[in-house]
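S.K.: Sequence plus the predicted model coming up.
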Amino acid sequence: MTPIKYTKEVVKEGKRVRWPKREQLVPTLIVVVVIAAFAALFLSLEDLTAGSLIQQLRNAFGGK
């Protein structure tokens, strides 16, 4: 498939999609952003905690 044909097919398919209205899109987008931010915060705190625990174990058992 050539890039031009692929692009035409993508545009054609994009016109068939039933896009949500703004009234439905905005609340959904807010929920997605809040969940993503919460997940990022949770995983960052978990990573910091695990790193600290590993460092304490290294220190306790004579690691560098």
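M.R.: Looks like it came in fine. Numbering: from 1, shown residues only.
S.K.: what about this protein, any weak spots by pLDDT?
M.R.: By pLDDT under 70, the low-scoring segments of the chain are 63-64.
S.K.: all helices of it, in order?
M.R.: In the chain, the helices defined using DSSP state H lie at 3-16, 22-60.
S.K.: okay, those in JSON lines with mean neighbour count next?
M.R.: All C-beta atoms are positioned from the backbone trio N, CA, C, and that covers glycine. Shown next, in JSON lines, are these (neighbours: other C-beta atoms under 10 Å):
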{"stretch": "helix 3-16", "mean neighbour count": "9"}
{"stretch": "helix 22-60", "mean neighbour count": "10"}
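S.K.: next one: phi and psi at Trp19?
M.R.: Per-residue torsions, Trp19: phi -80, psi 150 (degrees, to the nearest 10).
S.K.: Adjust the sequence numbering to begin at 60 for everything that follows.
M.R.: Sure thing, new numbering starts at 60, so read that last one as Trp78.
S.K.: if I look at it, how far off is Ala96?
M.R.: Separation of Trp78 from Ala96 (C-beta to C-beta, to the nearest Å): 25 Å.
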